[in-house]
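1. Coordinates only, no sequence provided:
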């Protein structure tokens, strides 16, 4: 018998102008000891399902229709007090961000004990013993000691383990995990997933895992529900849905997932979702503005040579030098980027890959080493004119499409700024023509120029960012996690656009990502970074087929297996 | 703990030195101290002699050092208007101001904190909305006008309470006089304390409400609810304690402000405290009193802030326990 | 985020549907959530109308006031201390009665409000300009510059504004002497109010600047090579103006109150150019002899003005604070 049954659930958010239907007629069920994955892109309504089950819908959202049963007992219409008693006791919840889920002012023990004693008739002693047992069960070493500590003394992965312990502490029958590993690094993510799977089976708990990540689905779930715009488009055994998807949305979604095991020329476009912008017009680089004055002097050898680059930040200042503390973000890193290639940097958060991007573009000044761009040594440039000339040749695309554009400027002015500043056009009319042309070229259309950034979605904003970066006619483009804030389907479009532009304009690219699969699709050569050091530089295929460094092998092993995923669409490309 | 306290103490000392420098600059350079001290008939020679005797011809750093040393021993020079040592004048008036400030602070805290918590937890309730409207009127009415209204109502029209002075006072020890021990003293305290405390009360209430609303939206409160904790635990153990951290800082500042705002209340109620004396000094350009008042209030503020910082240390484990 | 918001969902749908539709600027404003929240809050609409009316009465005082209280020819000491019209011994010419010199109280209030408002606006602008520039520089530059500016701000913040204004006024009196004090009263007031209020702007702007400066749009501008001053003025400034507007509104109320307090204490506007505070100070002397209206009416006018501005500021703060929506 199933633990959770959702029947024809509809959740509505009444707005000022219209009612937004976040979840539309969804029916699901989860059995004890099994994991059901709910997958979808942003706005699919997957989190809303979880919140509806636990009774924590954000105002003004409400269940408009349908029924929710826990062990055959209807729970969606219970009064507030009874619903509260279910939370924690019958249904446990795990949130996305472990850094903000715990009360910073209470010890881990006091948070566990209060939850245990709220739900179970335990004495304080018994509750403490149980708390230690739980902390041990979620794999935190030294439980007796660690339990007396405050949340800020735990790392992100350890905190997520505490959150899991809190969700499990009254032996719930159902656990809802909302993006449980999204905020974590790959290696930690793998550990947490293993832990969740293990606990689910050992304790015979039904689990509802909500995620946008096909890898998580493939890794741990038994069943999967695919949601799109609040509707359930496909629902079935994980092996079947991923291996032989029936619905066109699922098919295109799966084919858009970058995979480490196959290299494709272009990502299949997710046709079900939208036309991927207007297809770009081919431009003749010899006559087009973007090709004009690309009269950079030819370089012999690599375009960028980085030698023994060091970057150290002061983490604690003091008037006494001996009491200062430092953090070495980049340690003795050396690599070359050849003209026309895409060089990939991959690593977990804090590995120093973004710092390198900021060192090359001059946002930080290195504490040691050299950066040679063509024949110019960037670290010793002092003349403002020379600096500007270098800035013009290298541009950067940032991670967060929401903060990388100035919200108070029109898109047209955002793109015109570098052109005007570097005096790349002779008149305002020409600037305007160039801006319109660039917008057209990145697939937005010239009309977009009159609007403000907030009128665009994440993917469209990333296109604006690309147009701005192209506006100085750079020869070297640095992409710092350009798609990690985007949905898979949008990511596929942006990556395609970047590939096309590179080919067309002969750009040299430094592509930074934490996602090995994306790196494989984009790069010719790849550098693997860890704790500020460069472990290995290899050709793309070689790195994936025959990794040299143990850390690279570890990273490759940790990647969620995509073997389940259908290859149907890939083969047609 | 000791490292933390020393660091704060060091910062407090720097603040005091900066204020002392300000007070000294005012004391020394605003108007000519000699002209203020002597009559018109004093000859130039006599003036010069006095100047020499007071050390006004010494190098400025030496004068500053002397100023600080004297101030540390409560020697602030002689008042221009009263021709008496400033420290004696203050000693007589400090009890009045401190008693008034203490009563108002108590009133502001005892009434303001519960109102703030209630309004924060029950955002939509009509009582919260009433509190909020009343508080808005409270911060919109200038302190002195509240005083005038209270006097008009309770002293002039109803004639229940006195409109000025401290009433009868009792001498305790060599220099402290208190109004707490007589009926007329207590009656005289009511109107001024309400006047002075009302504004701080509304501020504290609004602040606690705003902080509470912020904290309630955090993930750990949502998670606490998702764990099924009863509202009582969520609200008081988790939300309130996290609210306290910023609230204590600002409350400390507000209590300091009470002493400064006493100036206005003391003027309206002719309350014989330091504020009233300071105001008369401002009107009569009596610089020694002004600079002494500046130093004294600064000292009180710095002391309050120091205590607040220490409290902070006990509430927030992130300050207390380092990362492993 | 564990919750899906409407915005997020809308954005996701937009992503798939291409560029959103065109709208005119006015319709956009009328259709905005902010304007809607304004209309929904009846108190705010009333406060906005109230503020508008009071501002008009104040600034049009020479045309709307029934008498000119500064025209010595038209006032007579014989009319002194006439009570309001609904009381005994009233004079129909004087709706709210007269003061000790026979001036029409209603007209004096209009003129006084005008002075209060001018002082308020000027000091708010001066404080904002000073505070915003220092805050921007401190936040963007960081390091020593930041440390120096913020230490000064910290020291000053330990003193309430009123105390600082009093001190500056006292010092100014010491420098100018008491005769010039009357001439310069207006400017001294503005300087002392501006110097007491700049800290709030500086701290807020510094805080937001430190957040904004690490955002990627600022880094993008730096990658392009744009100089710091232009980045601060063109990119950061517009993005930190939201909280500044809230502070400015609330500070206008606070500046009016502080000015009134200073004038009441006798160190603000002189009786020759009376602001509301000065009028109350004058009236306070007659409170005990039963002529309450001379102090109470200007006081009520002041309270009404400040209350309306505060209500607007309160609404603005909630409307601009995305966390409370």
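-> Now that the structure is in, tell me what you want to look at. The shown structure was predicted, so the numbers you read here are calculated from the model rather than taken from an experiment. Numbering: from 1, shown residues only, chains lettered A, B, ... in the order given.
2. Which residue is it, in the stretch 51-200 of chain B, that comes closest to chain C?
-> residue B:140 (3.9 Å; Cβ to the nearest Cβ). Every C-beta, even on glycine, is put in place using the N, C-alpha and C of the backbone.
3. Can you verify my assumption that that residue contacts residue C:253?
-> Yes - the pair residue B:140 / residue C:253 is scored as a contact, 6.9 Å apart, by Cβ atoms under 8 Å.
4. Common neighbours of the two, please.
-> Common contacts of residue B:140 and residue C:253 (Cβ atoms under 8 Å, 6 or more residues apart in numbering or on different chains): C:306, C:310.
5. who in the stretch 201-324 of chain B is up against chain A?
-> B:218-220, B:222-230, B:233, B:237-238, B:241-242, B:245, B:315-318, B:321, B:323-324 (Cβ under 8 Å from any Cβ of the partner chain).
6. Which ones among those residues map onto helices?
-> Among those, DSSP state H puts B:219-220, B:222-226, B:241-242, B:245, B:315, B:317-318 in helices.
7. May I see the PyMOL selection of the buried members of these?
-> Remark: buried members of those, expressed as a PyMOL selection using 16 or more other Cβ atoms under 10 Å in any protein chain shown:
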select buried, chain B and resi 219+220+222+223+224+225+226+241+242+245+317
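8. mean confidence for stretch A:559-566?
-> Average pLDDT, stretch A:559-566: 68.
9. which one is the residue in the stretch 201-324 of chain B that chain A sits nearest to nearest to, not counting chain neighbours?
-> Distances between the stretch 201-324 of chain B and chain A by Cβ to the nearest Cβ are smallest at residue B:228, namely 3.0 Å. Sequence neighbours aside, residue A:88 is the residue nearest to residue B:228 in space, at 3.0 Å (criterion: Cβ to Cβ, 6 or more residues apart in numbering or on different chains).
10. and if you look at residue A:537?
-> Excluding the flanking residues, the one nearest residue A:537 by Cβ to Cβ, 6+ apart is residue A:527, at 4.6 Å.
11. That neighbour belongs to a strand?
-> Yes - according to DSSP: H, G, I helix; E, B strand; the rest coil, residue A:527 belongs to a strand.
12. Go ahead and confirm it touches residue A:534.
-> Yes - with contact defined as Cβ under 8 Å, residue A:527 counts as touching residue A:534 (5.3 Å).
13. joint contacts of these two?
-> Joint contacts of residue A:527 and residue A:534 (Cβ under 8 Å, 6+ apart) are residue A:335.
14. Now do the same contact list for the residue nearest to the spatial centre of chain A.
-> What sits nearest the mean C-alpha location of chain A, by Cα atoms, centre = their mean, is residue A:484, with 3.8 Å. Residues in contact with residue A:484 (Cβ under 8 Å, 6+ apart) are A:399, A:513, A:514, A:515.
15. what do you get if the cut-off is 10 Å, keeping everything else the same?
-> For residue A:484, the contact set (Cβ atoms under 10 Å, 6 or more residues apart in numbering or on different chains) comprises A:399, A:400, A:491, A:512, A:513, A:514, A:515, A:518.
16. restrict these to contacts with chain C.
-> Contacts with chain C within these, counted by Cβ under 10 Å from any Cβ of the partner chain: A:399, A:400.
17. The residue nearest to residue B:206 when sequence neighbours are not counted sits in which helix or strand?
-> What sits nearest to residue B:206 in space, not counting adjacent residues and going by Cβ to Cβ, 6+ apart, is residue B:135, at 5.6 Å. For residue B:135, the host element (DSSP states H and E) is helix B:126-140.
18. Tell me which residues are up against that helix.
-> Applying Cβ under 10 Å, 6+ apart, the set of residues contacting helix B:126-140 from outside is B:112, B:115-116, B:118-123, B:125, B:146, B:198-206, B:209, C:43, C:47, C:250, C:253-254, C:256-257, C:302-311, C:313-314.
19. What about these, which are in helices?
-> Short answer: the contacts of helix B:126-140 in helices (DSSP H) are B:112, B:115-116, B:118-121, B:146, B:198-206, B:209, C:43, C:47, C:250, C:253-254, C:256-257, C:302-311, C:313-314.
20. doesn't residue C:168 make contact with residue C:191?
-> Yes - here residue C:191 reaches residue C:168: they are 6.7 Å apart, a contact under Cβ atoms under 10 Å.
21. So residue A:30 belongs to a helix, correct?
-> No - under three-state DSSP, residue A:30 falls outside any helix and is assigned strand.
22. My read is that it contacts residue A:206, right?
-> Yes - the pair residue A:30 / residue A:206 is scored as a contact, 4.2 Å apart, by Cβ under 10 Å.
23. All the helices of the stretch 351-500 of chain A, in order from the start?
-> For the stretch 351-500 of chain A, applying DSSP state H, counting those that start in this stretch gives helices covering A:353-360, A:384-393, A:411-421, A:428-441, A:458-470, A:488-505.
24. Let me know the secondary structure of residue A:59.
-> Residue A:59 is classified as coil under three-state DSSP.
25. residue at max distance from the center of chain A?
-> residue A:123 (43.3 Å).
26. The stretch 201-325 of chain C against chain A: which residues are in contact?
-> Counting by Cβ under 10 Å from any Cβ, the stretch 201-325 of chain C sits next to chain A at C:211-212, C:214-227, C:230, C:234-239, C:241.
27. So which of the residues you listed reach chain B?
-> Okay, of those, nothing touches chain B (Cβ under 10 Å from any Cβ).
28. Now list the buried members of these.
-> Here, 16+ other Cβ under 10 Å leaves C:212, C:215-226, C:234-237, C:239, C:241 buried among those.
29. Not counting its neighbours along the chain, what's nearest residue C:130?
-> Using Cβ to Cβ, 6+ apart, the closest residue to residue C:130 is residue C:198 (4.4 Å).
30. isn't that neighbour right next to residue C:192, touching?
-> No - at 11.4 Å, residue C:198 and residue C:192 do not qualify as touching, with contact defined as Cβ under 10 Å.
31. Those two: who's more crowded?
-> Ranked by neighbour count (other Cβ atoms under 10 Å in any protein chain shown), residue C:198 and residue C:192 place residue C:192 first, with 27 against 23.
32. What does residue 42 show for phi and psi?
-> Just going to use chain A. phi -60, psi 140 (degrees, to the nearest 10).
33. hm, I was asking about chain B
-> The phi/psi pair for residue B:42 (degrees, to the nearest 10) is phi -70, psi 140.
34. Which residues are in contact with it?
-> Counting by Cβ under 10 Å, 6+ apart, residue B:42 makes contact with B:34, B:35, B:49, B:50.
35. Contact partners for residue A:357?
-> Residue A:357 sits in contact with A:345, A:363-364, A:394, A:396-398, A:478-481, A:510-512, C:219, C:223, where contact means Cβ under 10 Å, 6+ apart.
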